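Asker: coordinates only, sequence not included:
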């Protein structure tokens, strides 16, 4: 992990990513599937990027598709898409680091970040949602353990 991300805890929620989680027991897997379905339904309104813009989301710098190649990694590692962030939810600070804020937001029914995949016709397809918790803010709020989702600890 590069130093510019060292003070950030993040999680990306996509159908593919969560379906790859190895969780014990069918009941747990069904519970996770139900939570993913709730998140999918809650985020459907953002399928139209105009709705996201109207609700305060803006393209995160640099405003282009973030790919492995963009980050200096092997291109075959793929891409994440264009990130649209909600500065109010993230409690973003002006200027400074690429993304810097005070968020402790973990509610996936109202995600802080939307991920869009650019299409050949220049349209955007919603492919994921994400929340971002800033480590300093998380600890300042009195949390000692990292956030969790479906029994899994977020990466730090």
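Answerer: Sure thing, it's come through. Keep in mind that what you see is a predicted model, and the values were worked out from it rather than measured.
Asker: which residue ranges form the helices in the protein?
Answerer: Taking DSSP state H as the criterion, the chain carries its helices at 15-19, 26-43, 49-54, 87-90, 135-140.
Asker: need the ones you listed in TSV with distance to residue 114 and mean pLDDT, can you?
Answerer: From N, CA and C alone the C-beta is placed, and that goes for glycine too. Shown next, in TSV, are these (distance: least, C-beta to C-beta, whole Å; pLDDT from 0 to 100):
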stretch	distance to residue 114	mean pLDDT
helix 15-19	14	36
helix 26-43	7	82
helix 49-54	6	97
helix 87-90	11	92
helix 135-140	21	92
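Asker: I'd like those as TSV, with mean neighbour count and distance to residue 124 appended.
Answerer: TSV is the format used below for these (neighbours: other C-beta atoms under 10 Å; distance: least, C-beta to C-beta, whole Å):
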stretch	mean neighbour count	distance to residue 124
helix 15-19	13	17
helix 26-43	14	14
helix 49-54	14	5
helix 87-90	18	19
helix 135-140	15	29
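Asker: could the ones you listed go into TSV alongside distance to residue 148?
Answerer: Converted to TSV, the helices of the chain look like this (distance: least, C-beta to C-beta, whole Å):
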stretch	distance to residue 148
helix 15-19	13
helix 26-43	12
helix 49-54	27
helix 87-90	19
helix 135-140	12
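Asker: Dig out what the residue nearest the centre of the chain forms beta bridges with.
Answerer: Nearest to the geometric centre of the chain sits residue 130, at 1.7 Å (C-alpha atoms, centre = their mean). Under DSSP bridges, the beta-bridge partners of residue 130 are residue 12, residue 113.
Asker: re the thing from before, of all the helices of the chain, which one comes closest to residue 80?
Answerer: Set against residue 80 and scored by C-beta to C-beta, the helices of the chain come closest in helix 15-19, at 10.7 Å.
Asker: The helices of the chain: which one's closest to residue 150?
Answerer: helix 26-43 (4.6 Å).
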